[in-house]
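Asker: for reference, the sequence and a predicted model appear below.
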Amino acid sequence: MTTARPDRPGAAHRLAALAEDALGGPLPLRLRAWDGSETGPQDAPVIVVRTRRALRRLLWQPGELGLAQAYITGEIDVEGDLAAGLRAMWGAVRERTLHAPRLTAADRVRAAGTALRLGAVGPRPPTPPSQARLRGGLHT
């Protein structure tokens, strides 16, 4: 008699687990990954992570800049009402169910391991061509 092995969680489940640990609570948004996996509330706006490159971009540029770059390149998108998604996140923060990410060294190692297993580790993605670039001398 063989024991059925549970299916390995999809990329969305792994990403949501990392985000929920870092933010201190469940995400008020649904997450869909490039492998077709989904997790989160059924009636919530959906964050779509279209490629592994989006994760690589966030590893190299954590925070708002990496997220903005992934969004403008189409590597991350939002299905549904973007404003409703933002309101849901801000509401969760206001209600203290989520907080700003607090990553320990162990959290960073675990995130790097997950990124490696998901195939998201690699060279820094190029800056999007539409991103503003500073030119000329700096003011003194």
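Answerer: Yes, it's here.

Asker: name the residues of the strand or helix carrying residue 93 that are buried.
Answerer: Taking DSSP states H and E as the definition, one finds residue 93 inside helix 82-94. Within helix 82-94, the residues that count as buried by 16 or more other CB atoms under 10 Å are 85, 88-89, 92. Where C-beta positions appear, they are placed from N, C-alpha and C, glycine not excepted.

Asker: got it, and stretch 114-132?
Answerer: Using 16+ other CB under 10 Å as the test for burial, stretch 114-132 gives 114-115, 118, 120, 125.

Asker: repeat for stretch 65-80
Answerer: 66, 69-71, 73, 75-76, 78.

Asker: how about a markdown table for these, with distance to residue 59 added?
Answerer: A markdown table is the format used below for the buried residues of stretch 65-80 (distance: CB to CB, whole Å):
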| residue | distance to residue 59 |
| --- | --- |
| 66 | 8 |
| 69 | 12 |
| 70 | 11 |
| 71 | 16 |
| 73 | 15 |
| 75 | 13 |
| 76 | 14 |
| 78 | 21 |
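
Asker: and the residue lying closest to residue 118 once chain neighbours are set aside, what does it touch?
Answerer: Spatial nearest neighbour of residue 118, chain neighbours left out: residue 11 (5.5 Å); criterion: CB to CB, 6 or more residues apart in numbering. Neighbour list for residue 11: 33-35, 37, 49, 118 [criterion: CB atoms under 8 Å, 6 or more residues apart in numbering].
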